[in-house]
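Undergrad: using only what follows, build the 3D model:
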Amino acid sequence: MNEQKLYDVIIIGGGPIGLACGIEAKKAGLNYLIIEKGCLVNSLYHYPLNMTFFSTSDRLEIGNVPFISHGAKPNRFEALEYYRRVAMSWDLKLKLYEKVTSVSRSGQYHFVATAKGSYKTKAVVLALGFYDLPYLLNVPGEDLPKVRHYYDEPHPYFGQKIVVVGAANSAVDVALETYRKGADVTMVIRENGIRESVKYWVKPDIENRIAEGSIKAFFYSQILRITDTSVEIKTPEGTKVIENDFVLAMTGYQPPFEFLTSIGIEF
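TA: Residues are numbered from 1 along each chain as shown. Predicted coordinates for the structure are as follows:
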């Protein structure tokens, strides 16, 4: 327990931004602490295993620690290695696997309670990221085990009929990777096509696979219902029901407003 110790700043979140804040606090001579509910760069750890970043390694560098990657774009494995090296190089003060349960204020101080302790601080920095709260489809059957809002690798979907929801980078990467590992892939997309923001070296690939029919796509469409064996889709041509084994809803993530409210932070 740390009730009596006073920190200048407590940083909630141990991702790249949280680490960068910790580095700046250390450079300024502040007494700081980084608290993370999971492992170091927890959200990044839960990215797809074979993910390649959009940015080049130099744009991901923090704390003047060089980020050297083998390719033009670093991958998840290289990023995990890099941020471990950053944390060790700066000897950052970290509390990992310690979930924050509340933040309160009394007078000029904040009190941060966690599952393992309580901390007193002059200031709190929220570096929470967006990866913990996916946008839901809000359709019947979304709670089935076959529906997943996170993706790690393609192997489990070999020989399976899968529906990928979305038209941005995550959905496109999932569709292409699972297709090339033996899945029967159908994309369900609200818009009229793949988003312009999709990585420039990937966009022609997915559009060509759709054009040739290797990956099926329903545009201007949305899922209405999910069952154990099928997916019902609303399309411009009417409602269609297709056989299905898994739904991968790559619908993006939202700011953690509910979490912030739950720990006592009002807007």
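
Undergrad: going forward, measure contacts and count neighbours with C-alpha atoms only.
TA: Will do.

Undergrad: and the gap between P16 and S55?
TA: According to Cα to Cα, to the nearest Å, P16 and S55 sit 14 Å apart.

Undergrad: more crowded one of these two?
TA: P16 (23 against 11; other Cα atoms under 10 Å).

Undergrad: my read: the more buried one touches L40, true?
TA: No. Contact between P16 and L40 fails when scored by Cα atoms under 8 Å: they sit 9.1 Å apart.

Undergrad: any shared contact partners between those two?
TA: Y83 (Cα atoms under 8 Å, 6 or more residues apart in numbering).

Undergrad: strands along the stretch 151-267 of the chain, start to end?
TA: Ranges of strands in the stretch 151-267 of the chain, per DSSP state E, counting those that start in this stretch, are 161-165, 184-188, 216-218, 222-226, 230-235, 238-243, 246-249.

Undergrad: most tightly surrounded among those?
TA: Mean neighbours per residue, mean count of other Cα atoms under 10 Å, is largest over these for strand 161-165, with a mean of 25.

Undergrad: mind saving the C-alpha coords of that one as CSV?
TA: Output of strand 161-165 as CSV, limited to C-alpha atoms (Å, rounded to 0.1, in the frame of the first residue of the first chain):
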residue,chain,number,x,y,z
LYS,A,161,-16.8,-19.8,-43.7
ILE,A,162,-16.1,-16.5,-42.1
VAL,A,163,-17.7,-13.0,-42.3
VAL,A,164,-15.5,-10.0,-41.9
VAL,A,165,-17.3,-6.8,-41.0
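
Undergrad: run the angle between that strand and strand 184-188 for me.
TA: Here strand 161-165 runs at an angle of 30 degrees relative to strand 184-188 (axes from the mean of the first three to the mean of the last three Cα atoms, to 10 degrees).

Undergrad: so how far is strand 161-165 off the chain centroid?
TA: 19 Å (Cα atoms, centre = their mean, to the nearest Å).

Undergrad: contacts for it, please.
TA: 171, 174-175, 183-189, 243-251.

Undergrad: now do stretch 79-92
TA: Against stretch 79-92 from outside (Cα under 8 Å, 6+ apart): 16, 19, 22-23, 34, 40-41, 44-45, 62-63, 65, 67.

Undergrad: 10 Å instead, please
TA: 14-16, 19-20, 22-23, 25-27, 32-34, 40-42, 44-45, 52-53, 57, 60-69, 76, 78, 93-94 (Cα atoms under 10 Å, 6 or more residues apart in numbering).

Undergrad: list the contacts of the nearest residue to T114 once chain neighbours are set aside.
TA: With Cα to Cα, 6 or more residues apart in numbering as the criterion, T114 has its nearest non-adjacent residue at 4.1 Å, and that residue is V100. By Cα under 10 Å, 6+ apart, V100 lies in contact with 12-13, 35-37, 112-118, 259, 263.

Undergrad: from these, which single one is nearest V202?
TA: Using Cα to Cα, G13 comes nearest to V202 of these, at 31.2 Å.

Undergrad: and the closest one, how many neighbours does it have?
TA: Using other Cα under 10 Å: G13 sits among 29 other residues.

Undergrad: for it, what are phi and psi?
TA: Here is the backbone geometry of G13 (degrees, to the nearest 10): phi 120, psi 120.
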